[in-house]
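Asks: below are the sequence and a predicted model for it; my questions follow.
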Amino acid sequence: MQVLTGFAVVVIAFSVMLFLTAVGAIVLPTVVLVAVPFVALLACADVFTAWQRSRLAAFAGVRIPEAPSVLPRSGGTLIADLLKAAGTLSTWRQIGYHLLIGPVIGTVGAMAVAAAWSGALVFATGPLQALLLPDSAGHRVPGIGAPKIAAVSAAGLIALFVAPWIARAAAALDTAAAVAMLGPGRGEELARLAESRAGAVSAADAERRRIERDLHDGTQQRLVSMAMRLGLALATLEDLPEDARTVIERAHEDAKDALKELRDLVQGMHPAILTDRGLDAALSGIAARAPLPVKLTVQLPPGKKLPAATEAVAFFIVSEALTNAAKHAEATDATVTVAGDGHNVLVVTIEDNGHGGADPVRGTGLAGLRQRAASVDGTLHIHSPLGGPTVIRAELPCGW
């Protein structure tokens, strides 16, 4: 049934789309007129592609992922939309399937299946035909030509055994062609996955910013208020018993410690300065607070805005690299350079004068940096020979 229904669909699709193609060829000298049959051709391609997907889902249990629609939907002018559709590979794959691949495979497959089953039934019923059908003189003569009847019957039985395999092979070829031509190409699938991952990263980053704002505006302010009230109590209540004063002093210290830990947590989630003032100011803050002297150079094209996810990844890479340089490499100074390379890539380079030997396998946070870079389709390279220096270079797509 899959092959026969496919043959019916491809015959209809081929006839309609061939007619539209012929109309477009006849009026080719007139650009405005040729646009009309071309748009109709694209609309038919979308409709027939949906038919084929439904057919394969129903008869073969195969769900073909949807490729980008061939209809122009950018909202621009008609000519611009048509040129965009004409320049899309999936458009010509779908049209090519309906005009060439589908009809050829559908016709050959349907003929092969029909011939296999009809031939098998005709040959397998040879003895019955000899008994029921008259000869040229009008007499039924069973027993005449028995060896030939037996041979034909044997061929029919063999054909009955082979026919399902022919039908299965035709259906497999039909499915493979439809999946290859009507589904998204490898490049389109990779682009879709990259877009999906970028969306997930952006959503996670937005959620981190929301949590950071909630903690900053809510919990952090309450801790500040509590610490101030406890400090005020210690300063104004001079007649407190010593035990009560000790308890209040400890509570005051605990509040300040909790406030510091919360600030560090908020800074680690998504620093507010990164959202408010951008990457340059955020990195300047890191350099100022670093436990070693840091020479910072940030060269970003004027008027260019980095994606929020890329800014966050660059920020955390620099922050973690400087922490590792001071804590593990015992470096005494570091250099951080952030610049665009002119090819839509942000290059972040951190170099320190420590003793080197940094190895992501040993778990110094470098593996996490690579994962952060990979989350935005970036790369991170580490060069850290024994004796130093250690150079970390991250290349992050910035979408300029």
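Replies: It's in.

Asks: hey, let's count contacts and neighbours off CA atoms from now on
Replies: OK.

Asks: show me what contacts Pro293?
Replies: Neighbouring residues of Pro293 by CA atoms under 8 Å, 6 or more residues apart in numbering: 287, 332-334.

Asks: let's go with 10 Å and repeat that
Replies: 287, 322, 331-335 (CA atoms under 10 Å, 6 or more residues apart in numbering).

Asks: do the same with Val9
Replies: Neighbouring residues of Val9 by CA under 10 Å, 6+ apart: 3, 48-49, 51-52, 55, 98, 102-103, 106.

Asks: secondary structure class for it?
Replies: The three-state label given to Val9 by DSSP: H, G, I helix; E, B strand; the rest coil is helix.

Asks: so for it, what's the pLDDT?
Replies: If you check Val9, the pLDDT there is 72.

Asks: quick one: buried ones out of the contacts of Pro293?
Replies: Burial by neighbour count, judged by 16 or more other CA atoms under 10 Å, picks out 287, 322, 331, 333-335 from the contacts of Pro293.

Asks: between the residues you listed, which is nearest Pro241?
Replies: Relative to Pro241, the closest of the buried ones among the contacts of Pro293 is Ala287; by CA to CA it sits at 45.7 Å.

Asks: any idea which helix or strand carries the closest one?
Replies: Using DSSP states H and E, Ala287 sits in helix 279-289.

Asks: would you map the strands across the stretch 1-150 of the chain?
Replies: Using DSSP state E, counting those that start in this stretch, the stretch 1-150 of the chain contains no strands.

Asks: helices along this structure, start to end?
Replies: 2-26, 31-59, 78-86, 89-96, 102-124, 126-132, 146-182, 186-214, 220-236, 242-269, 272-277, 279-289, 308-327, 366-374 (DSSP state H).

Asks: strands of the stretch 301-400 of the chain, start to end?
Replies: 334-340, 345-352, 379-383, 390-397.

Asks: circling back: and the two most separated of the buried ones among the contacts of Pro293?
Replies: Ala287 and Ala331 (14.2 Å).

Asks: quick one on the thing from earlier: of the buried ones among the contacts of Pro293, which is the nearest to Ala367?
Replies: Leu322 (15.0 Å).

Asks: tell me how far that closest one lies from Gly356.
Replies: Distance of Leu322 to Gly356, given as CA to CA, to the nearest Å: 13 Å.

Asks: pull up the overlap in contacts between the two.
Replies: 328-329, 331.

Asks: what's the domain layout of this protein?
Replies: Here the domain parsing of the chain from automatic domain parsing is 2-182, 190-269, 276-397.

Asks: for Thr337, give me its contacts.
Replies: 295-299, 318, 347-351, 393.

Asks: if we go to 8 Å?
Replies: For Thr337, the contacting residues are 296-298, 347-350, by CA under 8 Å, 6+ apart.

Asks: can the residues you listed go into JSON lines with extra columns for pLDDT, neighbour count and distance to Val224?
Replies: Listed next are the contacts of Thr337 as JSON lines, based on pLDDT from 0 to 100; neighbours: other CA atoms under 10 Å; distance: CA to CA, whole Å:
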{"residue": "Leu296", "pLDDT": "91", "neighbour count": "17", "distance to Val224": "32"}
{"residue": "Thr297", "pLDDT": "91", "neighbour count": "15", "distance to Val224": "35"}
{"residue": "Val298", "pLDDT": "89", "neighbour count": "16", "distance to Val224": "34"}
{"residue": "Val347", "pLDDT": "92", "neighbour count": "20", "distance to Val224": "39"}
{"residue": "Val348", "pLDDT": "92", "neighbour count": "21", "distance to Val224": "36"}
{"residue": "Thr349", "pLDDT": "93", "neighbour count": "23", "distance to Val224": "37"}
{"residue": "Ile350", "pLDDT": "93", "neighbour count": "24", "distance to Val224": "35"}
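
Asks: okay, these in JSON lines with distance to Gly278 next?
Replies: Shown next, in JSON lines, are these (distance: CA to CA, whole Å):
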{"residue": "Leu296", "distance to Gly278": "15"}
{"residue": "Thr297", "distance to Gly278": "14"}
{"residue": "Val298", "distance to Gly278": "11"}
{"residue": "Val347", "distance to Gly278": "16"}
{"residue": "Val348", "distance to Gly278": "15"}
{"residue": "Thr349", "distance to Gly278": "18"}
{"residue": "Ile350", "distance to Gly278": "19"}
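
Asks: quick check: the farthest pair among those?
Replies: Within the contacts of Thr337, Leu296 and Val347 form the most distant pair, 13.5 Å apart (CA to CA).

Asks: Ala227 against Lys256, yeah?
Replies: Yes. The criterion here is CA atoms under 8 Å, and Ala227 meets it with Lys256 at 6.3 Å.

Asks: so between these two, which is more surrounded?
Replies: The neighbour comparison of Ala227 against Lys256 (other CA atoms under 10 Å) goes to Ala227, with 21 against 17.

Asks: list the contacts of the more buried one.
Replies: By CA under 8 Å, 6+ apart, the residues touching Ala227 are 252, 255-256.

Asks: about what we covered before: hey, least reliable of the domains of the chain by pLDDT?
Replies: For the domains of the chain, mean pLDDT drops lowest on domain 2-182, to a mean of 70.

Asks: would you mind measuring from Ala116 to Ala154?
Replies: Counting by CA to CA, the gap from Ala116 to Ala154 is 14 Å.

Asks: which two among the contacts of Pro293 are spaced furthest apart?
Replies: Spanning the widest gap among the contacts of Pro293 are Ala287 and Ala331, at 14.2 Å by CA to CA.

Asks: neighbours around Pro103, how many?
Replies: For Pro103, the count of nearby residues is 23 (other CA under 10 Å).
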